[in-house]
Structure formats: C-alpha cells, structure tokens
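Peer 1: The following comprises the amino acid sequence and a computationally predicted model.
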Amino acid sequence: MDLLENLALGLSTALLLQNVLWCFVGVLLGTMVGVLPGIGPTATVAMLLPITFSFEPVTALIMLAGIYYGAQYGGSTTAILINLPGESSAAVTALDGHEMARQGRAGAALATAAIGSFIAGTVATVVLAVAAPPLARVALQFGPAEYFALVLFGLIVSIALARGTALKALAMIFLGVLLGTVGQDIYTGTPRFTFDQRELYGGIDFVSVAVGMFGVAEILRNLENEQTRTAIVDKVRNLWPTREDRRRIVAPILRGTGLGAALGVLPGGGHVLASFTSYAVEKRISKRPQEFGHGAIEGVAGPESANNAAAQTSFIPLLTLGLPAHPVMALMIGAFIVHGITPGPNVITDEPALFWGLIASMWIGNVLLVLLNLPLIGMWVRMLRIPYQVLFPMIILFASIGTYSLGFNAYDVYAIVLFGLLGYILIKCGCEPAPLLLGFVLGPLLEENLRRALIISRGDASVFLTRPISAALLALSVAALALSVLPAIRKRREQVFTEDE
C-alpha cells in the first residue's frame, strides 16, 4: 500500500505541466544526441546543467534524466537505418538491425526496438520503485568504513567492465583519483597540486573534464574518421512486426529486461555491458544462431531491452547511496548538490516528492519516447545530413558557452580544450575515458571516508576488517580484481566488446 501511495505522490508531481514539458524537452534532446554521433548524453547533460540552476529541483532532474535514457532510444534509430550507432550501447543493435533494414524490414526493426525499449523501461522503473526504498534503509546503517569499501568496490568493478586491458583501466582510475585530489585538502585546507595557480585552489571543475573528455575528444576522433553511410529511410513501411516476429521477440525482450535491470547498477557503463551480454546470450541459446549478424530480430529485441532497462536501474545507486554508476549519474550528483540536496539514502525521506516524482517521470518519458521515435524517423535521419564541419563547431561553441556560464571564468574553457586533447590522446592509446571520470568523481569520496574512518578509529586500520559489511565489500573487491586479470576472463571481456571497437 505504501508503494502505491508513493507512486501516486510521484505521478501527481511528474504530471505537473512544467514537469511534463521539461520531461518532453529532455527526452527530445536525448533522442537527438542519441541520433547524432560524437556528442552523447554525458557531454549534453554537462552542457545543459547551467540552465537548470533556475529550475525547481525535481524539474531539473526530470529533464536531465530524460536526456540520459532518451539517448538510449535515439541511438537505435541510426544504428538500424544507416549502421551508425549514436550511442555505444546501440552498436550491437546495428549488427542485425541494419541487416533487417537492408532486407526491407526497417519498419519491423524500428518497431521492435521501440517496443522492447518501452517494456524494458517500464519494468525497470517498477524495479527501481520497489528496490530503492529498502536499499536506502540499509544504506542509512553505513558508516565511513562501509562507504570507503563500497566506493572502492565500485572502482574495482569498473576495471572489470572497461574495454581494453585491466592495467589501462586501472591507470585511468588512478589518474582520475589523482586529478580529484587537486585543490585544497578537505581537512587541513592545504593546497595540493595547484602549482600556485589560484584557479586550481577550488579543484578542477567536473563539467570541464566531462565536456572535454566526452565531447571535444569524441569530436576530434570523429573528424579523422569521415565515413559515408547509406540511409535506408526513403520508404519505411510495415512498422508493426508480423505475428512470427512478435512470437520471436517476446522471450528476448524479457531476458534482455532482466539482464539490463541487474547489470545497470554496476559502475562504468552497465548499459553497454547489458546490451552486449544480451546479444551474446540470445545468440548462444538461439535455435537459429546462423541468422545472427544477418538480420535476426532477436538481435535487436534483446540488446535494446537490456540497454534501456540498465539506463533506468542505474539510478538505484545514485538515489540510495549517492554513488554514480555512470558518468551521467556523476553529473546528476552535481545537479542535486547545486539545488542544495545531498544525494543518498536521506532523499527518500527528506524529499519524497522529488524521489518519487523522478521515478514516475521515467514512465511518462518512456511513453513520450515511443511517440517521438517512430513517427519522426525521417526527421531524425535527416539531421545526419548536417555537415560535420558545421555541426561540430556549433557543438563546441555551445559547450564552451555552457561551461563558461557556470563560473564566468575563461579558465574553465581552457580546461575543456586541455581535457579534450587529453581525452583524444587516451582514445588513440586505447584507453577508455569513463574509468578516469569515475575515478575523478569517486576519488574525493574515497579519500574523505578513508580519513574519516581512521580518525574515528584513532588510526586503527583494522576497522575496515572488523566491521562485517566493510570486510565483505573489501573481499568482493579483491575477488573482482583477481577475476579481472585472469586470462580467461580478459579474453571473454574482449570478445563481448569486440563489435563495439
């Protein structure tokens, strides 16, 4: 009964006119950046964060969340029609989705992606509503030792999920943690790694890092890879799948939803892992494995359901623990803090309308996305006709304006360029930027809780082993690190991500 009452409260909040309007704006922008390569939801949320400062907190979070899960929808449209995934999680959708389009079945592929995404998003929203409150109550029992162990576990798991070698992922996390220490010491106020630069006393701005690493770096990478694609959009007909198609997609949608809901809470890109894992599972258990890669509809239904379910459940660690499972979630933490709200287990009791309103808005957003994606297919693909030499300078211009407006400091714009070049170099070296950003966000939390736990225990490091939850999380961290470096696990991980390279 409490759940129904809370959902009713959430719907009454989410259905306010301004919240529905900004939810629509969010999913519209999310679809747009999902369609366009080289932008992505992380850079978009970072660029639009300043305009939400004047919004009500729940309105701002509804819009920013809509951008994130809306991008998962948009990425599938161009993946199917022109074999150009706008989002990394949609890369696997292109394998069979584009082949279906080439066979004249683009309508069925697009409808399958939309149906799977809607069902998965709806189920995952229910999972979020059911799972978040009890997890928040458990999190209230956490002390500094438990939070330190939890953050460490999240960083270790992100190593296992990152593409490339475990050593490169570990190096990226270490670099991110190191960048997070720049500024004044959290307890003594002593400057660290500032090189007498006044602009660094407050630390490196997160938005500059995010926009540079995920916006500018991706644009530079795309500029060197000019490719011509043939859009199959002239005559998209028969949008409703046939009876045989409907029979074949039911089980993959359900399996993909379950996988995505479970893997979405993992740090470092659970939605990408979910889509590729779903594809691997469907291919392994299929009675027609030879069809995969040649237009198997299961290869569209499963992954699209998985990545959309994962996008919704990635909010669970954010809302219950205050920890980001994805770079976009790290930006969401910034949005919470800007509006004077500390993300974590207290949100559900201190801000119930915000908590349940955000959850309810996700279902509304999923309905809006279905209405946006299928009828407007032609418009989304025509956006790709904008020349890169026009599109990318506009993106960088708006990114620079958005970042500058945060503190009206030209130094932040210089930082975008610097981190854009650094991100491009890292990509060329085969290093993934996502672990670096997670290390940058979680590093200060790691240090703060480590030092706080040691202060409380008067320097006794055994506190991390004598507290059961902390000890269990540390044991899981060691196990995850050991597994990530095993040859068999490394080989399997590379196989999962091969198609995304």
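Peer 2: Yep, it's here.
Peer 1: Find the centremost residue of the protein, please.
Peer 2: With distances taken as CA atoms, centre = their mean, the residue of the chain nearest its centroid is residue 326 (4.3 Å).
Peer 1: What spatial separation is found between the spatially closest residue to that residue that is not a sequence neighbour and residue 265?
Peer 2: Closest residue to residue 326 apart from its sequence neighbours, by CB to CB, 6 or more residues apart in numbering: residue 314 at 5.2 Å. Any C-beta I mention is one placed from the backbone N, CA and C, and that applies to glycine too. Using CB to CB, to the nearest Å, we find residue 314 at a distance of 7 Å from residue 265.
Peer 1: cool, and residue 293?
Peer 2: 30 Å.
Peer 1: who's more crowded, those two?
Peer 2: Under the criterion of other CB atoms under 10 Å, the comparison of residue 293 against residue 265 puts residue 265 first, with 24 against 14.
Peer 1: Assumed the more buried one was part of a helix.
Peer 2: No: checked against DSSP: H, G, I helix; E, B strand; the rest coil, residue 265 lies outside a helix; its state is coil.
Peer 1: which residue packs closest to it, ignoring adjacent ones?
Peer 2: residue 316 is the one closest to residue 265 (CB to CB, 6+ apart), at 5.1 Å.
Peer 1: Please write out the alpha-carbon positions of the helix or strand harbouring the one you found in CSV.
Peer 2: Element membership for residue 316 (DSSP states H and E) is helix 315-321. Extracted in CSV, the C-alpha atoms of helix 315-321 (Å, rounded to 0.1, in the frame of the first residue of the first chain):
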residue,chain,number,x,y,z
PHE,A,315,19.6,5.4,-10.9
ILE,A,316,19.4,2.9,-8.0
PRO,A,317,22.9,3.5,-6.6
LEU,A,318,22.5,7.2,-7.2
LEU,A,319,19.3,7.6,-5.2
THR,A,320,20.1,5.1,-2.5
LEU,A,321,23.8,5.5,-1.9
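Peer 1: Other residues contacting that helix?
Peer 2: Applying CB atoms under 8 Å, 6 or more residues apart in numbering, the external contacts of helix 315-321 come out as 65, 128, 131-132, 135-136, 139, 142, 150, 154, 264-265, 267, 323-325, 329, 332-333, 343-345, 347-348, 355, 358-359.
Peer 1: Report the mean per-residue pLDDT for it.
Peer 2: Averaging pLDDT along helix 315-321 gives 85.
Peer 1: With stretch 142-151 instead?
Peer 2: Taken as a whole, stretch 142-151 has an average pLDDT of 88.
Peer 1: Contacts for it, please.
Peer 2: Taking CB under 8 Å, 6+ apart as the rule, stretch 142-151 contacts 321, 323, 442, 445-446, 448-450, 452-453, 456-457, 463-464, 467, 469-471, 473-474, 477.
Peer 1: which of the residues you listed count as buried?
Peer 2: 321, 323, 442, 445-446, 448-450, 452-453, 457, 463-464, 467, 469-471, 473-474, 477 (16 or more other CB atoms under 10 Å).
Peer 1: So which of those are in helices?
Peer 2: In helices, judged by DSSP state H, the following of the buried ones among the contacts of stretch 142-151 are found: 321, 442, 445-446, 448-450, 452-453, 463-464, 469-471, 473-474, 477.
Peer 1: Isn't the residue nearest to the centre of the chain up against residue 310?
Peer 2: No: when contacts are counted by CB atoms under 8 Å, residue 326 is not listed as touching residue 310 (9.1 Å).
Peer 1: got the buried residues for the lengthiest helix in the chain?
Peer 2: When the chain is parsed with DSSP H, its longest helix is helix 106-139. Buried residues in helix 106-139, counted by 16+ other CB under 10 Å: 106-129, 131-133, 135-136, 139.
Peer 1: same deal with stretch 195-202?
Peer 2: 199, 200.
Peer 1: ok, and what's touching that stretch?
Peer 2: 182, 183, 184, 191, 193, 194, 409, 411.
Peer 1: count of neighbours near residue 480?
Peer 2: 17.
Peer 1: That one and residue 154 touch, don't they?
Peer 2: No: between residue 480 and residue 154 there is no contact, the gap being 10.0 Å when judged by CB under 8 Å.
Peer 1: Make a ChimeraX selection of the buried ones in the contacts of stretch 195-202.
Peer 2: Command for ChimeraX, covering only those of the contacts of stretch 195-202 found buried under the criterion 16+ other CB under 10 Å:
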select :182,183,191,194
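Peer 1: Tell me which two in the contacts of stretch 195-202 are the farthest apart.
Peer 2: 193 and 409 (18.7 Å; CB to CB).
Peer 1: Quick check: which element contains residue 305?
Peer 2: Residue 305 belongs to helix 298-313, assigned by DSSP H and E.
Peer 1: Please write out the alpha-carbon positions of that helix in CSV.
Peer 2: The C-alpha trace of helix 298-313 is given here as CSV (Å, rounded to 0.1, in the frame of the first residue of the first chain):
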residue,chain,number,x,y,z
GLU,A,298,16.2,-11.4,-31.6
GLY,A,299,19.5,-9.5,-32.0
VAL,A,300,17.5,-6.2,-31.9
ALA,A,301,14.9,-7.1,-29.3
GLY,A,302,17.3,-8.4,-26.6
PRO,A,303,20.0,-5.7,-26.6
GLU,A,304,17.6,-2.8,-27.0
SER,A,305,15.6,-4.1,-24.0
ALA,A,306,18.8,-4.6,-22.0
ASN,A,307,20.3,-1.2,-22.5
ASN,A,308,17.1,0.7,-21.8
ALA,A,309,16.4,-1.3,-18.6
ALA,A,310,20.0,-0.7,-17.5
ALA,A,311,19.6,3.1,-18.1
GLN,A,312,16.7,3.1,-15.6
THR,A,313,18.2,1.0,-12.9
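Peer 1: buried set for it?
Peer 2: Per 16+ other CB under 10 Å, helix 298-313 contains these buried residues: 298-313.
Peer 1: before we move on, what about stretch 209-229?
Peer 2: 209-220, 222.
Peer 1: Rebuild these as TSV, extending it with secondary structure.
Peer 2: Below are the buried residues of stretch 209-229 laid out as TSV (three-state DSSP):
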residue	secondary structure
209	helix
210	helix
211	helix
212	helix
213	helix
214	helix
215	helix
216	helix
217	helix
218	helix
219	helix
220	helix
222	helix
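Peer 1: low-scoring stretches of the stretch 101-250 of the chain, by residue?
Peer 2: 160-164, 225-239 (pLDDT under 70).
Peer 1: tell me the average confidence for stretch 430-441?
Peer 2: 82.
Peer 1: which of the residues in that stretch are buried?
Peer 2: 431, 432, 433, 434, 435, 436, 437, 438, 439, 440, 441.
Peer 1: Quick check: of those residues, which lies closest to residue 251?
Peer 2: So of those, ranked by how close each gets to residue 251 (CB to CB), first place is residue 434, at 31.1 Å.
Peer 1: The closest one reaches residue 327, doesn't it?
Peer 2: Yes: judged on CB under 8 Å, residue 434 makes contact with residue 327 at a distance of 6.0 Å.
Peer 1: Model confidence score at residue 284, please.
Peer 2: 84.
Peer 1: could you measure residue 473 against residue 153, distance?
Peer 2: On the measure of CB to CB, residue 473 and residue 153 end up 5 Å apart.
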